[in-house]
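J.: I would like the atomic coordinates for the input below:
(one chain, ligands or ions: 1)
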Amino acid sequence: MESWVLFAFLAGLYSLFYLFSTSRYKNNGLQLPPGPFGLPLLGHLHLLGELPHHNLQRLAKKYGPIMTIRLGVIPTMVISSPEWAELFLKTHDIIFASRPKLQVSDLISYGQKNLIFAQYGSYWRNIRKLCTLELLSNSKIELFKSMRSEELFNFVQQIKNASKSRSVIDISAKVESLLEDMTFRMIFGCKDDRIDFKTCIKEVVILTGAFNVSDYLPILKPFDLQGLGRRMKACSKVLDEFLETIIDEHVRDAKDLHGQHRDFIDVMLSLMESNNTRELHLDRDNIKAIMIDMLGAAMETSSTTSEWVIAELLKHPKVMKLVQEELENIVGLDRMVEEADLIKLSYLKVVIMETLRIHPVAPLLIPHESTEDITINGYFIPKKSRVIINSWAIGRDPTVWSSNAEEFYPERFIGTDMDVQGRDFQYIPFGSGRRKCPGLQLGMTAVQLVVAQLVHCFNLELPEGMSPDDLDMNEKFGLTVPRANHLMAVPTYRLRMNF
Ligand code: HEM
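T.: Residues are numbered from 1 along each chain as shown. Coordinates of the predicted model:
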């Protein structure tokens, strides 16, 4: 049989199956949240476009803050208001705390052994506890303070040298490289110059964020129409080889450590040695899967946020001036910023909060999945529905943030008790509830440090002929949403301290 005939036959069969399964709800008087009319096979996949968070916001304006769309055969709830976010992430959090099984994340998770895409259950609970207590706690973050300070010093020195020729510098590339080095040293104890490895980590973040038709129309899985599976397999090979080598090196060096943990791999290896009696049995695959999570989560989120903050400061010179004045008052021009200063930099903090409001790194959070049928406020949400929380739309809703919601205005946070912890559902850049980001503290520390140090040590000007209004703020969609184009600027050293 011709392959297109087979395809059309299977497509028809799927549509019938879907119609049959939804008629089950309708016949029982169950009402799904409203939503647009979908195409027979694709459902609403074609409406997502290049920037799904924008397109879903447009649809929500018409269909409301809880909306049903169908991605292939998967019923999907799109949440676009703080009230509904609270119902899903707090009141009924336990029902929505799972993650969907995605084809590409399966290829990189050594059989579902990672944390980010682990289904809700005892494995996820144990691994999350381990990451929160053993890798990402405040005391563990503190252990890497001097490493961060050393890397920041090198970063400033490099930019200072480059600034002598008054040339345009690729700020995005410099910030990304700094955060990569910091993350590598924290996880592996050393920096690594293997470009292919770093490229693969970035690729993993892009691929896991893509809407992959194979996840929504499983009959298409063998065809891998978008080539995402092939790309992920190639990445997983490079990552696996590198991680095997680095774990071997750590095992060899372990005897010289005498129980002193240096980096994440050392911590995981010592837990692997001692944990066989506990409920969680760790092996090398667990370590590799979790390290890939940590690398992707730490590198991409912190650099994306830092770049957006610097871009907003360049676009708003008055805000930049206020940030620099605060730094001058608190740190002074005779020295660089230290971590202990961060707590006193309250204006910088609201600038970062405002940036995360209009440029949340993960605008649709990470997809959640329901584990039971549930009816909320009269709407039926079937088991195994995909849940998309449009935190980008919530952050720009004028009914929540007033008519200047689209404006970059850090002062809006001054005098409020809002923070980044996800207690106020109008502001959830790190998510909320059980699946909330466990790396919040580390991420915020890294972003504050990088931005504070850069704008304290340098005045930044846009390349000649470019005005703040010309600076483009285009986005590139993935699991994280970075700038589409690198941020370029001309730095001038501004401290009195010489080195
Ligand atoms: C500015 C920095 C960061 C931002 C804005 C951010 C944001 C987020 C968001 C929105 C989620 C999804 C929450 C949900 O699905 O409900 C998340 C999950 C996660 N983040 Fe972060 N993150 C940041 C930094 C980090 C860092 C530094 C790490 C670790 C090294 C990290 C590790 C994770 C992990 C492991 C998850 C998945 C948790 C789970 O599924 O249980 N993040 N993050």
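
J.: Going by C-alpha atoms from here, please, whenever you check contacts or count neighbours.
T.: OK.

J.: Retrieve the pLDDT associated with the closest residue to the ligand within the stretch 51-200 of the chain.
T.: Closest approach between the stretch 51-200 of the chain and the ligand, counting by Cα to the nearest ligand atom: residue 116, at 3.9 Å. Here the pLDDT value assigned to residue 116 is 96.

J.: what about the residue of the stretch 151-300 of the chain at minimum distance from the ligand, which helix or strand?
T.: Using Cα to the nearest ligand atom, the closest approach of the stretch 151-300 of the chain to the ligand is made by residue 298 at 3.7 Å. Residue 298 belongs to helix 284-315 when assigned by DSSP states H and E.

J.: a helix runs through residue 406, doesn't it?
T.: No. Counting by DSSP: H, G, I helix; E, B strand; the rest coil, residue 406 falls outside a helix, being coil.

J.: and it, backbone torsions?
T.: phi -80, psi -10 (degrees, to the nearest 10).

J.: Now it. Nearest residue, chain neighbours left out?
T.: Spatial nearest neighbour of residue 406, excluding adjacent residues (Cα to Cα, 6 or more residues apart in numbering): residue 396 at 5.9 Å.

J.: so that neighbour touches residue 359, yeah?
T.: No. Residue 396 is beyond contact range of residue 359, at 9.7 Å (criterion: Cα atoms under 8 Å).

J.: what about these two, which has more around it?
T.: Neighbours were counted for residue 396 and for residue 359 using other Cα atoms under 10 Å; residue 359 has more, 25 against 22.

J.: What distance do you get for the more buried one to residue 46?
T.: According to Cα to Cα, to the nearest Å, residue 359 and residue 46 sit 24 Å apart.

J.: coming back round to it: can you report how many residues neighbour the residue of the stretch 51-200 of the chain closest to the ligand?
T.: 21.

J.: Beyond the lowest-mean-pLDDT helix or strand in the chain, next helix or strand please.
T.: Using mean pLDDT, DSSP states H and E, the weakest-scoring helix or strand in the chain turns out to be helix 3-27, at a mean of 61. Sequence order places helix 52-63 as the next helix or strand after helix 3-27, per DSSP H and E.

J.: returning to that earlier point: quick one: the residue of the stretch 151-300 of the chain closest to the ligand and residue 439, what's the gap?
T.: Counting by Cα to Cα, the gap from residue 298 to residue 439 is 8 Å.

J.: And for residue 481?
T.: 18 Å.

J.: And residue 270, by the same measure?
T.: 21 Å.

J.: cool, residue 136 as well?
T.: 6 Å.

J.: same thing with residue 388?
T.: 21 Å.

J.: the more surrounded of the two?
T.: The neighbour comparison of residue 388 against residue 439 (other Cα under 10 Å) goes to residue 388, with 23 against 20.

J.: so that one touches residue 77, yeah?
T.: Yes. Using Cα under 8 Å, residue 388 is in contact with residue 77, at 6.2 Å.

J.: tell me the pLDDT at the residue nearest to residue 159 when sequence neighbours are not counted?
T.: Nearest non-adjacent residue to residue 159, counting by Cα to Cα, 6+ apart: residue 491, 7.5 Å away. For residue 491, the model assigns a pLDDT of 98.

J.: same check, this time on residue 262
T.: 80.

J.: check contacts around the nearest residue to it once chain neighbours are set aside.
T.: Of all residues not flanking residue 262 in the chain, residue 189 sits nearest, at 6.7 Å (Cα to Cα, 6+ apart). With contact set as Cα atoms under 8 Å, 6 or more residues apart in numbering, residue 189 has these partners: 262-264.

J.: which of those residues tops the neighbour count?
T.: Busiest of the contacts of residue 189 [other Cα under 10 Å] is residue 264, holding 24 neighbours.

J.: taking the mean pLDDT, what do you get for stretch 300-307?
T.: 96.

J.: repeat for stretch 316-329
T.: 98.

J.: element containing residue 67, please.
T.: Applying DSSP H and E, one finds residue 67 within strand 66-71.

J.: Now residue 388: which helix or strand?
T.: Using DSSP H and E, residue 388 falls in strand 386-389.

J.: anything in that strand near the ligand?
T.: No. Strand 386-389 lies out of reach of the ligand by Cα under 6 Å from any ligand atom, never closer than 8.1 Å.

J.: so for that strand, what's the average pLDDT?
T.: Computed over strand 386-389, the average pLDDT equals 98.

J.: helix/strand/coil for residue 109?
T.: Residue 109 is classified as coil under three-state DSSP.

J.: residues from the stretch 251-400 of the chain in reach of the ligand?
T.: Near the ligand, when you scan the stretch 251-400 of the chain using Cα under 6 Å from any ligand atom, you find 294, 297-298, 301-302, 305, 361-362, 365-366.

J.: rerun at 5 Å
T.: Within the stretch 251-400 of the chain, the positions adjacent to the ligand are 294, 297-298, 301-302, 362, 365-366 by Cα under 5 Å from any ligand atom.

J.: likewise the stretch 101-250 of the chain?
T.: residue 116.

J.: wait, what's in contact with residue 358?
T.: 392, 395-396, 406, 408.

J.: 7 Å - rerun?
T.: Residues in contact with residue 358 (Cα atoms under 7 Å, 6 or more residues apart in numbering) are 392, 395-396.

J.: Equivalent analysis for residue 496, please.
T.: Per Cα under 7 Å, 6+ apart, neighbours of residue 496: 333-334.

J.: wait, is it part of a strand?
T.: No. Residue 496 sits outside any strand when classified using three-state DSSP, being coil.

J.: quick one: pLDDT of it?
T.: For residue 496, the predicted pLDDT is 94.

J.: Could you do residue 277 as well?
T.: 51.

J.: picking up where we left off before, do I have it right that the residue nearest to residue 406 meets residue 404?
T.: No. Look at residue 396 against residue 404 with Cα atoms under 7 Å: they stay out of range, at 8.9 Å.

J.: how many other residues sit next to residue 269?
T.: 20.

J.: So for it, what's the pLDDT?
T.: For residue 269, the predicted pLDDT is 90.
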